[in-house]
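S.K.: Return a 3D structure for these sequence lines:
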Amino acid sequence: MIIKPLPIAVALSLIATASQAQQGMDHSGHAGHAAPADHGQMNHRSGDHGQMDHGAMDHGSMGHGSMAHPPATGIAPGQEPRSPVPTISDADRAAAFPDLAPHHMHQGGTHFLFLADQLEWQDAEEGSALAWDISGWVGGDVDRLAFRSEGERTNGHTEEAELQLLWSHAIGPWWETVAGVRQDFKPGSPQTWAAFGVQGMPLFGLETEATAFLGEGGQTALRLEAEYDILLTQRWVLQPTAEVNLHGRNDEARGVGSGFSDAGVGLRLRYEISRQFAPYIGVTWSRAYGNTADMLRADDEDVSDTRLVAGIRFWF
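M.R.: Got it, this is the predicted structure:
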């Protein structure tokens with residue numbers, strides 16, 4: 001068979017067609033499977049999607065923080081107009097801080113109080129003793145008529161007894177002056193004294209009294225007293241007490257010497273069944289000093305005494 005040569009134009013066309021077919025079928029020896037994209041070799045700095053330059057995109061310069069959305073009023077946040085603060089006038093100050101009416105403590109009317117601070121049985125060496133310390137007043141918040149009484153009976157005999165009638169005048173919320181008379185019934189013959197003093201509460205729960213006395217025959221005396229209520233619970237109260245007596249002259253008939261005469265302390269624990277009524281138990285200790293102690297020794301009596309006590313405290 002005789003093969004006729006192809007025309008040159010047809011041969012060139014066939015060669016071009018075969019070359020294009022080879023390039024489209026085989027990149028790695030398997031037709032139809034493209035190799036995975038190599039992102040490490042992709043030039044991200046160009047502008048097309050296959051070669052995007054993300055490093056060239058300056059997100060910091062895009063100003064996202066400044067892309068604020070203004071309110072409907074067209075005023076940026078924090079730029080809203082504020083009402084001016086008005087100037088405070090004298091009339092405004094007067095309205096905010098009005099003058100208070102003067103405080104008159106006596107506007108509360110007339111009141112009264114009776115207090116049996118100590119009404120107790122004592123275990124004395126000479127036998128059982130009944131002792132009392134009561135007080136009270138009637139009047140207003142500034143001026144009052146007051147009384148005090150204390151004493152002791154042992155085995156049915158009155159050993160000590162006194163009564164004071166006083167006019168008290170408040171000189172502050174916690175202090176008042178007192179003035180009046182004191183009448184001693186025992187020991188010895190009755191004796192009358194003029195009384196002057198001050199009483200008050202320097203600390204909450206601490207009650208103090210300081211009273212000076214001027215007696216018949218130029219006798220003088222000073223008595224200092226204090227008691228303190230310690231609230232252990234809402235009902236249990238511990239009350240320490242103290243008393244000191246001083247005299248200006250010897251009075252042998254009443255067994256009193258000049259100078260620092262005697263002192264006594266006590267400790268009582270009470271249970272308040274109500275605020276107005278409370279039984280208690282405790283212990284007291286007293287001692288004579290100076291010339292008073294010498295007089296007791298001369299009569300062969302003890303200069304100190306310790307007693308157990310039990311009693312009730314009430315007020316109304």
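S.K.: where in the chain is pLDDT low?
M.R.: 1-83, 98-108 (pLDDT under 70).
S.K.: Check the gap between the most centrally placed residue in it and R254 for me.
M.R.: By CA atoms, centre = their mean, the mean C-alpha position of the chain lies nearest to F204, the distance being 12.3 Å. Distance of F204 to R254, given as CB to CB, to the nearest Å: 37 Å. Any C-beta I mention is one placed from the backbone N, CA and C, and that applies to glycine too.
S.K.: How about A131?
M.R.: Using CB to CB, A131 is found at 18 Å from R254.
S.K.: Show me which of those two is the more surrounded one.
M.R.: A131 (21 against 17; other CB atoms under 10 Å).
S.K.: Tell me who's in contact with the more buried one.
M.R.: Taking CB atoms under 8 Å, 6 or more residues apart in numbering, we find A131 in contact with Q118, L119, E120, Q122, E150, G151, E152, R153, V309.
S.K.: Including secondary structure and neighbour count, could these go into a markdown table?
M.R.: What follows is the contacts of A131, written out as a markdown table (DSSP: H, G, I helix; E, B strand; the rest coil; neighbours: other CB atoms under 10 Å):
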| residue | secondary structure | neighbour count |
| --- | --- | --- |
| Q118 | strand | 23 |
| L119 | strand | 15 |
| E120 | strand | 25 |
| Q122 | strand | 21 |
| E150 | strand | 18 |
| G151 | strand | 18 |
| E152 | strand | 17 |
| R153 | strand | 16 |
| V309 | strand | 20 |
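S.K.: Using TSV, lay out those together with distance to V244.
M.R.: Compiled in TSV, these are given as follows (distance: CB to CB, whole Å):
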residue	distance to V244
Q118	17
L119	23
E120	21
Q122	20
E150	15
G151	18
E152	18
R153	23
V309	19
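S.K.: what helix or strand does the residue nearest to L224 when sequence neighbours are not counted sit in?
M.R.: With sequence-adjacent residues excluded and distances taken as CB to CB, 6 or more residues apart in numbering, L224 is closest to V244, at 4.6 Å. Using DSSP states H and E, V244 maps to strand 236-247.
S.K.: quick one, helices of the stretch 151-300 of the chain?
M.R.: Per DSSP state H, counting those that start in this stretch, the stretch 151-300 of the chain carries helices over the ranges 290-298.
S.K.: so where do the strands sit in it?
M.R.: Assigned by DSSP state E, counting those that start in this stretch, the strands in the stretch 151-300 of the chain fall at 157-170, 175-186, 191-203, 206-215, 220-228, 230-231, 236-247, 259-271, 277-288.
S.K.: right, so of these, which gets closest to F114?
M.R.: Closest to F114 of the strands of the stretch 151-300 of the chain is strand 277-288 (CB to CB; 12.7 Å).
S.K.: Buried ones in the closest one, by neighbour count?
M.R.: Along strand 277-288, these residues count as buried under the neighbour rule (16 or more other CB atoms under 10 Å): A278, Y280, G282, T284, A288.
S.K.: who are the neighbours of that strand, in terms of helices and strands?
M.R.: strand 236-247, strand 259-271, strand 304-315 (3 or more CB pairs under 8 Å, 6 or more residues apart in numbering; DSSP states H and E).
S.K.: ok, now with 10 Å
M.R.: Other elements packing on strand 277-288 under the criterion 3 or more CB pairs under 10 Å, 6 or more residues apart in numbering; DSSP states H and E are strand 111-124, strand 236-247, strand 259-271, helix 290-298, strand 304-315.
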